[in-house]
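S.K.: compute the structure for the input listed below.
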Amino acid sequence: MRVILLSIKPKYGFAILEGRKKYELRKCVNVRVMPGDLIIMYFSSPVKAIVGYFKAGKVFLASPEEIKNIISRLGDVGVDEEDFTYIDGFRKVMAIEVVEPRRCREVPLSRLRELNLRPPISYIALSEDIAQILLKECGIDLRHDERGQGDRGVVKEKSYTDMAESSEKVSRGEVCKKRV
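M.R.: Alright, predicted model coming up:
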């Protein structure tokens, strides 16, 4: 399981935390989110803080048209035409199922800056070291969740350098290009 830091508009983030939005769409597919990844949500302006998190369930990677078809067959999952407009014109997009959304201790942008962590434009996979620091700041203990399911700690990835390079590309806007 990796830890992903995802930037989200507050209205969508709160809809996730309230259980109204059950899928999150991403048009930037720099690192594919995998089922079981922990997604920490940074709410953009005006909140400017990490507010909650969820576990990734099913993850679909397809064209916008295919994602629209998949989502429409799932019924009422809190995705509407505004979400579909967001992904139009891109080659591949991702739909991430929201599982077990929860609030966490809020971590404001000022604290993230103190930790030399800049919220991404879309999302980034965090290195194990950064993930552990952020989990502690948010008050998230993966070893003992509320249901006592035991150790669900972060597993080391093969190459954090590759993830860091991908994250930098997203920060510079090199990955999220519209089809021409």
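S.K.: only C-alpha atoms for contact and neighbour calcs from this point on.
M.R.: Noted.
S.K.: so where is the chain shaky, pLDDT-wise?
M.R.: Applying pLDDT under 70 to the chain flags residues 144-180.
S.K.: select the longest strand from it.
M.R.: Counting residues, the longest strand found in the chain (DSSP state E) is strand 93-108.
S.K.: after that strand, which helix or strand is next? Please name it.
M.R.: helix 109-114 (DSSP states H and E).
S.K.: now that next one: buried residues?
M.R.: Along helix 109-114, these residues count as buried under the neighbour rule (16 or more other C-alpha atoms under 10 Å): Leu109, Leu112.
S.K.: and the contacts of that helix?
M.R.: Contact with helix 109-114 is made by Lys48, Ala49, Ile50, Arg118, Pro119, as judged by C-alpha atoms under 8 Å, 6 or more residues apart in numbering.
S.K.: off-centre distance for it?
M.R.: In this view, helix 109-114 has its centroid 19 Å away from the chain centroid, taken as C-alpha atoms, centre = their mean, to the nearest Å.
S.K.: parallel or antiparallel, list what pairs with the next helix or strand after it.
M.R.: Once helix 109-114 ends, the next helix or strand along the chain (criterion: DSSP H and E) is strand 123-125. Each strand paired with strand 123-125, and its direction, by DSSP bridges: strand 3-8 (antiparallel).
S.K.: buried residues in the partner strand?
M.R.: With burial defined by 16+ other C-alpha under 10 Å, the residues of strand 3-8 counted as buried are Val3, Ile4, Leu5, Leu6, Ser7, Ile8.
S.K.: how close does the first one sit to Asp88?
M.R.: The reference is to Val3. Between Val3 and Asp88 the computed distance is 27 Å (C-alpha to C-alpha, to the nearest Å).
S.K.: still on that earlier bit, restricted to buried residues, select the contacts of helix 109-114 in PyMOL.
M.R.: Of the contacts of helix 109-114, the buried ones can be selected in PyMOL as follows, counting by 16+ other C-alpha under 10 Å:
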select buried, resi 48+49+50+119
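S.K.: contacting residues around the residue lying closest to Met94 once chain neighbours are set aside?
M.R.: What sits nearest to Met94 in space, not counting adjacent residues and going by C-alpha to C-alpha, 6 or more residues apart in numbering, is Leu61, at 4.6 Å. When contacts are counted by C-alpha under 8 Å, 6+ apart, Leu61 is found next to Ile67, Lys92, Val93, Met94, Ala95.
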